[in-house]
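A.B. asks: Requesting a structural model of the entry that follows:
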Amino acid sequence: MKKLIDKGLDFLRNHTYLDFLGSNEHWLVRIGLICLYAVIPVLSLILIANFESGFERIYGNVLLIVVAVLFACIVMGYVADKMLEYVKPTIKQSQTNIVNGALLDVLSVILLLCGVAILISGLVIGIRVESFSIFMYSVFAFVGLEYMVSMLLNPEKTLSIKVQESATPAQSLIAISSLLIKAFYRLVPVIFGSTMILSVISLLGMLFADSLTVYTLESAISTFVIGALTPLIGYFLFLINYFILDVFSALFRIADAVTSKNKTK
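C.D. replies: Residues are numbered from 1 along each chain as shown. Just a heads-up that it's a prediction; the model follows:
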């Protein structure tokens, strides 16, 4: 079974499937920016107009709400557009090594199977409860996991990670941590584009609904805000985590130097 799975991973590794996901990532980002700059503001204004009395009763002046929505979309769109430019260069500049290439294969298989399971369960649940949103969530989760699989199968090209022959346990731990951090940050464009599309779907669902609850509205707002700010949040998390890893790496080097010095005495 192990040889069969390894052959399957080699097939994916040498297949254009990897290049397809990476080369089409910019389309997802562009669609997300269009949603953020144009589609979401328009749909939000229509939603506010349809449920004007409800918005005024809960949130106050409708005009202020409209101004806040437009201002938020413009500002967050600009922030996302600028910060997404730093994803690939930042990862490229942070070269790291990992000793255990088998771990990459294991994670690839696990994520691949999890993606398929999420997609199938999302389809089944979506049909049972008649919810298109649940199915779309599962689709984007599947795409994100498959994209992460493509990174792990070709880490040097996508994550600037090289597999080396030997390393200490401390170096291996740092390498694995940096792998997870890089994989998450590399996934930021996909998360951004997916959440913007999901926000549009949520708004369309609310527009065609007979009534609108505060919980539904605030859930949609949370998804929108977190997704729009993901490029900025991801950048800071990447820097903070890498700073922590550099500190630990320096401490391990000092400990190794002290140990070597003691041995020579």
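
A.B. asks: Any regions of the chain where pLDDT drops low?
C.D. replies: Low-confidence segments of the chain, defined by pLDDT under 70: 15-23, 100, 165-171, 255-265.

A.B. asks: need the helices for it, in chain order.
C.D. replies: 2-13, 17-23, 25-34, 40-50, 52-59, 62-83, 87-93, 101-129, 132-153, 155-158, 169-186, 188-207, 214-264 (DSSP state H).

A.B. asks: Of these, flag the one that's most buried.
C.D. replies: helix 188-207 (a mean of 21; mean count of other CB atoms under 10 Å). C-beta coordinates here come from the backbone N, C-alpha and C atoms, glycine included.

A.B. asks: Just want the angle from it to helix 25-34.
C.D. replies: If you take axes from the mean of the first three to the mean of the last three CA atoms, to 10 degrees, helix 188-207 sits at 40 degrees to helix 25-34.

A.B. asks: could I get helix 188-207 in PDB with only the CA atoms?
C.D. replies: What follows is helix 188-207, C-alpha atoms only, in PDB (Å, rounded to 0.1, in the frame of the first residue of the first chain):
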ATOM      1  CA  VAL A 188      -3.700  33.700   2.400                       C
ATOM      2  CA  PRO A 189      -4.600  34.700  -1.200                       C
ATOM      3  CA  VAL A 190      -6.900  31.700  -1.500                       C
ATOM      4  CA  ILE A 191      -8.500  32.400   1.900                       C
ATOM      5  CA  PHE A 192      -9.100  36.000   0.900                       C
ATOM      6  CA  GLY A 193     -10.600  35.300  -2.500                       C
ATOM      7  CA  SER A 194     -12.800  32.500  -1.100                       C
ATOM      8  CA  THR A 195     -14.200  34.500   1.800                       C
ATOM      9  CA  MET A 196     -15.100  37.400  -0.500                       C
ATOM     10  CA  ILE A 197     -17.000  35.100  -2.800                       C
ATOM     11  CA  LEU A 198     -18.700  33.500   0.200                       C
ATOM     12  CA  SER A 199     -19.600  36.900   1.500                       C
ATOM     13  CA  VAL A 200     -21.300  37.700  -1.900                       C
ATOM     14  CA  ILE A 201     -23.200  34.400  -1.700                       C
ATOM     15  CA  SER A 202     -24.300  35.200   1.900                       C
ATOM     16  CA  LEU A 203     -25.600  38.600   0.800                       C
ATOM     17  CA  LEU A 204     -27.500  37.100  -2.100                       C
ATOM     18  CA  GLY A 205     -29.100  34.600   0.300                       C
ATOM     19  CA  MET A 206     -30.100  37.300   2.700                       C
ATOM     20  CA  LEU A 207     -31.600  39.400  -0.200                       C
END
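
A.B. asks: going forward can the numbers begin at 53, since that is how I track them
C.D. replies: In the new numbering, first residue 53, that becomes helix 240-259.

A.B. asks: Please name every helix or strand in contact with that helix.
C.D. replies: Using 3 or more CB pairs under 8 Å, 6 or more residues apart in numbering; DSSP states H and E, the elements in contact with helix 240-259 are helix 77-86, helix 92-102, helix 184-205, helix 266-316.

A.B. asks: got the contact list for that helix?
C.D. replies: Residues from elsewhere that reach helix 240-259 (CB atoms under 8 Å, 6 or more residues apart in numbering): 77-78, 80-81, 83-85, 87-88, 91-92, 95-96, 98-99, 102, 132, 136, 139, 184-185, 188-189, 192, 195-196, 199, 264, 268-269, 271-272, 275-276, 278-280, 282-283, 286.
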